[in-house]
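Undergrad: This is the structure alone, sequence omitted:
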């Protein structure tokens, strides 16, 4: 049986994705007027809602969303160069969303809020409409993001090893395989674990718009071994993909166990996941999962980020990272995060489990290294490479794998830039190449089995 232990800033909501369908032939300027002839107009309009709001990259204040909604409506009705009509009263559904209450609210927990959740240090990653428009307009004027200078590396997966390892039980070799973006197949403790699965062509609620995958997954859904455990860090579209969840739920042998932050189990149930196959955790809560090597303990840990999938759920569900403690390997997955003191606290809280005589720190940390430009906009929600290395050091991880790059163009840096900056930062700090590394999409890294002598 599973054993569970342990015990947002208000006034923010998301952007209605239906509005994007009406913006398919142009962009808009800061005056709220349509401007013709911008080749990337639709891309900017779509990404403003998906990259920067529904996908990942920054939110809009509630009042800004109302204004933007009616700007787009007026833009559609008025035609090119038209002046928009005054805003109308918001839809009653929007007003209802503004009045929502957090059913998980616990006043004793500082990250809980009556209307949702917030970051441990109070950081608010959401952005005003003016800031979002400034970002997208600046990017369009400067031709950003620029295309990759080199192809994103990809290799054929070692399916023979992965399948044999999946059946190895207590003899499993700890290993990680980069599927793409933040999706990693981790094999440890006799379990097959998948982080933030997205196998879709777009990180978007729309099939025709939003960030498109630049290369296929390193493993297709049909090539995966039977997945035992799925870890979902938060509900943005580039981390929680409905089609992928449905496919995993229908896998041969029965659904995996989905472990999610507070508030996401209801979404999983609505997509067909049985209630018995999902578990919600709050920060610092732990769950014991039985495995052939012995119990695997996992913990939801803080991250500096935010959540939203639609119009009325800004910060309504929790976000976080995961720490997994298996007898043969300790794994850390950060999810999406800005840099904060949370990671030093994670190390402090895990110190007893990771004493030298117990094998030391995390054997592998999966840390985001992409989607970080421009810094004035992204810093509170996405680390850059240099900050990811700080997290590696804060955690005291033995090794770290850079993820969250090279797959979806979410922000302004080229897709292939993060690994180059990682090489430079390692050299600057004198870190060994194997201490913090990247993989080709589809590549597997075998890990040393955890020792008990430090």
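TA: Yes, it's here. In this text, all values refer to a predicted model and were calculated from it rather than measured experimentally. Residues are numbered from 1 along each chain as shown.
Undergrad: What is the neighbour count of the closest residue to residue 361 other than its chain neighbours?
TA: With sequence-adjacent residues excluded and distances taken as Cβ to Cβ, 6 or more residues apart in numbering, residue 361 is closest to residue 396, at 4.0 Å. Bear in mind the C-beta positions are built from the backbone N, C-alpha and C, glycine included. Neighbours of residue 396 under the rule other Cβ atoms under 10 Å: 17.
Undergrad: now residue 290
TA: With other Cβ under 10 Å as criterion, residue 290 counts 14.
Undergrad: pretty sure residue 287 is in a strand, no?
TA: Yes: checked against DSSP: H, G, I helix; E, B strand; the rest coil, residue 287 lies within a strand.
Undergrad: how many neighbours does it have?
TA: Neighbour tally, residue 287, other Cβ under 10 Å: 22.
Undergrad: Please apply the same query to residue 250.
TA: Residue 250, neighbours per other Cβ under 10 Å, totals 11.
Undergrad: Residue 215 now?
TA: Every residue meeting other Cβ under 10 Å relative to residue 215 is counted, giving 15.
Undergrad: what's near enough to touch it?
TA: The contact partners of residue 215, by Cβ atoms under 8 Å, 6 or more residues apart in numbering, come to 152, 154, 180, 406, 407, 441.
Undergrad: Residue 289 now?
TA: Neighbours of residue 289 in contact, by Cβ under 8 Å, 6+ apart: 2, 191, 228, 229, 257, 295, 296, 297, 298.
Undergrad: Check those residues and tell me the two furthest apart.
TA: The most widely separated members of the contacts of residue 289 are 228 and 297, with 14.6 Å between them, by Cβ to Cβ.
Undergrad: and residue 300, what element?
TA: strand 296-301 (DSSP states H and E).
Undergrad: Strand partners (parallel or antiparallel) of that strand?
TA: Strand 296-301 pairs in its sheet with strand 286-289 (antiparallel), strand 321-326 (antiparallel), by DSSP bridges.
Undergrad: model confidence over it, on average?
TA: In this model, strand 296-301 carries a mean pLDDT of 98.
Undergrad: do the same with stretch 257-270
TA: Computed over stretch 257-270, the average pLDDT equals 98.
Undergrad: and that stretch, how far out from the chain's middle?
TA: 15 Å (Cα atoms, centre = their mean, to the nearest Å).
Undergrad: any weak-confidence spans in the stretch 1-150 of the chain?
TA: Where the stretch 1-150 of the chain drops to pLDDT under 70, the residues are 1-99.
Undergrad: let's see it at 90
TA: 1-100, 126-129 (pLDDT under 90).
Undergrad: Report the separation between the two terminal residues of stretch 288-296.
TA: Separation of the first and last residues of stretch 288-296 by Cα to Cα, to the nearest Å is 6 Å.
Undergrad: hang on, the residue nearest to residue 361 packs against residue 356?
TA: No: the pair residue 396 / residue 356 is not scored as a contact, 10.9 Å apart, by Cβ atoms under 8 Å.
Undergrad: among the contacts of residue 215, which are in strands?
TA: residue 180 (DSSP state E).
Undergrad: quick check, nearest of the contacts of residue 215 to residue 350?
TA: For those, the nearest to residue 350 is residue 180 (28.2 Å; Cβ to Cβ).
Undergrad: ok, the closest one touching residue 439?
TA: No: applying Cβ under 8 Å, one finds residue 180 not in contact with residue 439, separated by 10.3 Å.
Undergrad: Of those two, give the one with the bigger neighbour count.
TA: Neighbour count, other Cβ under 10 Å: between residue 180 and residue 439, residue 180 has more, with 25 against 20.
Undergrad: Assumed residue 390 was part of a helix.
TA: Yes: counting by three-state DSSP, residue 390 is part of a helix.
Undergrad: Ignoring the adjacent residues along the chain, who's closest to residue 185?
TA: Residue 185 sits nearest to residue 177 (Cβ to Cβ, 6+ apart), 4.4 Å away.
Undergrad: Tell me the spacing between that neighbour and residue 163.
TA: 12 Å (Cβ to Cβ, to the nearest Å).
Undergrad: Looking at these two, which one has more neighbours?
TA: The neighbour comparison of residue 177 against residue 163 (other Cβ under 10 Å) goes to residue 177, with 25 against 14.
Undergrad: Over to the more buried one: give its phi and psi.
TA: Phi and psi for residue 177, reported as degrees, to the nearest 10, are phi -130, psi 130.
Undergrad: just to revisit the earlier point, which residues are in contact with the residue nearest to residue 185?
TA: Residue 177 neighbours (Cβ under 8 Å, 6+ apart): 157, 162, 184-187, 218-219, 439, 442-445.
Undergrad: if I look at the closest residue to residue 434 other than its chain neighbours, how far off is residue 375?
TA: Residue nearest to residue 434 in three dimensions, not counting chain neighbours: residue 399, with 6.4 Å by Cβ to Cβ, 6+ apart. Computed as Cβ to Cβ, the residue 399 to residue 375 distance reads 27 Å.
Undergrad: What residues sit buried inside stretch 146-154?
TA: 152, 153, 154 (16 or more other Cβ atoms under 10 Å).
Undergrad: Tell me the predicted confidence for the last one.
TA: What the model reports for residue 154 is a pLDDT of 98.
Undergrad: these two touch, right, it and residue 214?
TA: No: at 10.1 Å, residue 154 does not count as touching residue 214 under the criterion of Cβ under 8 Å.
Undergrad: how many neighbours does residue 444 have?
TA: Quick note: residue 444 (other Cβ under 10 Å) scores 22 neighbours.
Undergrad: so it bridges to which residues?
TA: Residues in beta-bridge contact with residue 444 (DSSP bridges): residue 177.
Undergrad: Wait, it touches residue 176, no?
TA: Yes: using Cβ under 8 Å, residue 444 is in contact with residue 176, at 7.1 Å.
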